[in-house]
Each structure stands twice: as C-alpha cells, then as structure tokens.
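> model the following, please.
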Amino acid sequence: MHLRLQHIAKWAFGALMLAFAGGAHAEGGKPWTSVQTNPLVIELFTSQGCSSCPPADIVLDQIADIPGVLGLAFHVDYWDYIGWKDPFATSVSTKRQKYYRHVLGNRYIYTPQFVIGGNASPDPSSGSLIDRDSIRAPKTQIMLKVTDAGILMPLTGDLPNAADIWVVHFDERHETEITKGENAGRELGYRHVVREIQYLGDWRGQERLVAWPEKHRFGVALMVQDRDEGTILATLVAME
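Take a look at the predicted model:
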C-alpha cells in the first residue's frame, strides 16, 4: 500500500507541475524583512460558492492570529459552476488539493478541508473542522539560513524523499459581497488568500542558495515540502 501511495503521489505531483510549465523561475528580489522561521502551516481549501465554507473561513481568520502559525486560504474552482464564480479560485489550488488527496489517501476532494503541516487532515465524518490540539509546532524542522544573497538550504543526508520548493504570495484580507450561488446575499471575509504559487524546483539534500523571491503582496512564504509524504519540512514567511 505504501508503494502504491508513493506512485499515486508522484502522479499527482506531475499533474500539479503542469500548472507551472514555463513559469517555474522566480526572479531574485531584496531580502525579506521580519522573517518568521518554521511556523506550522495550515492550509484551508475553500470556495465562495460553498455554503459549508464560511464557518471554516472564520476559523482560518482566527488561526491566522496564533503566534507560530501560518494560515493560508487556497480557493478552489470546482464550485464555480453552481452560479457564483469565486474571484480568488484557481485551477492550481484545485490541483494542490488533488495532490493532498493522493498523499493523504483520501477517496475524494471536498470543501472545506484543512491540511495541517502538509501531512494531516481532519476526518470530515468527525463533524469537527479542525482539532485545536493539532495546532502545535511541527516535529520535523530543517533550519534555513537567511543571508543577504538569498536563502541557504543546508547540506543534509536526512531527506527520505525528494523535496520541492514552493513560494506562495497572499493577501492580508478580502471582503466580498456574494450575489449568486449558495451564499447569495452575504458579505463574507477572507484571510490570507493565496493569489500566486511558484515552483522553484526540487531539493535532494545538497547545499543550495535560493535567490530571494520578490515580495509584491502583503505576505510571501517559501515552503520546502516532502514530495511523497506531503510533510512541510521548512518554511520562511514575511508579512507586512
């Protein structure tokens, strides 16, 4: 079963990479200020067209204020057909959720869904959006070194699998008046909405210097993620 899941995860990763064909390179920018190291990354897959999502959006808003936690909202596009097109939804967010479906061994994708640390997600049948006891510092941490020239990834022989380097750009907050679909007539707020995702290539434990990705939104985060298991191994984030 483990080998089968690894094979499926690689297939899902390949599908995700199709969204970045020709756009994997990120130009170097200035060093980020007020960098936070290795927060616990909690991702929410959500949609403005989903009537079950507003309570989860509120939870993410609360999570985003917890020290040591990075909450990110990935808006998916597969609910757009029911009458309201989510202005923040992207096919890339949907592909990322499909990647987690295979990594976590889920049978299907759904909203709302929280993914904690890249390798855990609450059981939707439990009736709980998220287990607050699971919000703790990640056990596996690789320390990235911040330099004027860029982000230094250390030499290590401890990686069980290839890791991938992601950069996400996100906004601080949005308020949207919904006029159609399941949430018609409501004005809803959203926190840390992911607007762009960049893939900077893989990492296999060699010493590597990554040029500073240009920061052009409220927040930017670099995440190093185990490709087969989904575990987020290291994170740097800067927010204004």
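
> for the residue lying farthest from the centre of the chain, what are its contacts?
Each residue of the chain has a distance to the centre, and by CA atoms, centre = their mean the biggest one is for G185: 29.1 Å. Counting by CB atoms under 8 Å, 6 or more residues apart in numbering, G185 makes contact with I178, T179. From N, CA and C alone the C-beta is placed, and that goes for glycine too.

> let's go with 10 Å and repeat that
Each residue near G185 by CB atoms under 10 Å, 6 or more residues apart in numbering is listed here: E177, I178, T179.

> can I get the residues you listed in JSON lines with neighbour count, distance to G49 and secondary structure?
Below are those laid out as JSON lines (neighbours: other CB atoms under 10 Å; distance: CB to CB, whole Å; DSSP: H, G, I helix; E, B strand; the rest coil):
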{"residue": "E177", "neighbour count": "9", "distance to G49": "14", "secondary structure": "strand"}
{"residue": "I178", "neighbour count": "18", "distance to G49": "8", "secondary structure": "coil"}
{"residue": "T179", "neighbour count": "11", "distance to G49": "12", "secondary structure": "coil"}
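
> from those, which is closest to D226?
Of all the contacts of G185, D226 sits closest to I178, with 36.7 Å by CB to CB.

> for the chain, which segments count as helices?
2-17, 54-63, 91-104 (DSSP state H).

> tell me, which of these is the model least confident about?
The weakest mean pLDDT among the helices of the chain belongs to helix 2-17, with a mean of 51.

> turn the contacts of G185 into TSV, columns for pLDDT and distance to D123.
Converted to TSV, the contacts of G185 look like this (pLDDT from 0 to 100; distance: CB to CB, whole Å):
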residue	pLDDT	distance to D123
E177	97	33
I178	97	29
T179	97	34
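
> residue nearest the centroid of the chain?
Mean-position check on the chain, CA atoms, centre = their mean. Result E43 at 5.1 Å.
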